[in-house]
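Enquirer: For reference, the sequence and a predicted model appear below.
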Amino acid sequence: MVIDVRCVPRNYHARYKARERTYFYRMLSGSDPLSILEKDRCWHVPEELNLRSMQEACKVLVGTHDFSSFRASGCQAKSPVRSLDELNVTEVPSTPYFPSITERAWSNLNNGDPLACSSQPKTETAGVATNVGEAEGSTDGDSFGARRRHRCYVVTARSRGFLYHQVRLLVGVLKCVGTGELTVADVERILEEKTVAATKPMAPASGLYLARVKYEFP
């Protein structure tokens, strides 16, 4: 669907004239297999994810840094220095849905409350907030054929420009923080080492979406 058209000079370059790019990355957390509607549309993470830890790791990575540790081989950029204007993780309803700027800000104001965007009541189990009635079509969680809902997390990354596979490498590290495989201090160390060899395997391409591009127009 074409929503806007604008005339530009012949030498206008859609890639190099972009002022800002925003990417979304979807992760579904839960032990049950994905439905056919979600397959190849997100990253399925069987483990539980700690949203607050991932949010703390985001704070380390936001800003202007040498992102050599998040630059895949084959990158043609002359410099590994990039300004990451936003890196945020938000929990949203488990639907093909992305958080608005207001919802991302609300999540930050609530210190990364994993249910800040959820209308469902929550209960505390071993210090972790969980949704009440997570099993679809079931109240006791043990009914035959009941499927447990996945928890959906969206990573938002915004910058004027990204290095080759930078977003997927960032998400791969954030996921490892969420599962406890890495700590926030480990993220600081990976950033300072300035080599992609220090970074965990990058996230698969299936969860990555280009959300928006802002352009400079003559």
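Expert: Now that the structure is in, tell me what you want to look at. Numbering: from 1, shown residues only.

Enquirer: So for this structure, the centremost residue is which one?
Expert: For the chain, the residue nearest the mean C-alpha position is Val155 (1.8 Å; CA atoms, centre = their mean).

Enquirer: Regarding that one, what is its secondary structure?
Expert: Each residue gets one of three states, and Val155 gets strand by DSSP: H, G, I helix; E, B strand; the rest coil.

Enquirer: residues contacting it?
Expert: 24-25, 27, 87-89, 167, 170-171, 174 (CB atoms under 8 Å, 6 or more residues apart in numbering). For every residue, glycine as well, the C-beta is placed using N, CA and C.

Enquirer: Apart from its chain neighbours, what residue comes closest to it?
Expert: Spatially, and ignoring its direct neighbours in sequence, Val155 is nearest to Tyr25 (4.2 Å; CB to CB, 6 or more residues apart in numbering).

Enquirer: Give me the neighbour count for Glu48.
Expert: Around Glu48 sit 15 other residues, with neighbours defined as other CB atoms under 10 Å.

Enquirer: hang on, Glu181 packs against Val187?
Expert: No - under the criterion of CB atoms under 8 Å, Glu181 lies out of contact with Val187, with a separation of 11.3 Å.

Enquirer: Between the two, which has more neighbouring residues?
Expert: Set side by side, Glu181 and Val187 show more neighbours around Val187, with 25 against 12, by other CB under 10 Å.

Enquirer: What pLDDT does the model give that one?
Expert: Looking at Val187, its pLDDT stands at 97.

Enquirer: That one and Gln55, how far apart?
Expert: Distance of Val187 to Gln55, computed by CB to CB, to the nearest Å: 12 Å.

Enquirer: do Phe98 as well
Expert: Look at Phe98 and Gln55: by CB to CB, they are 17 Å apart.
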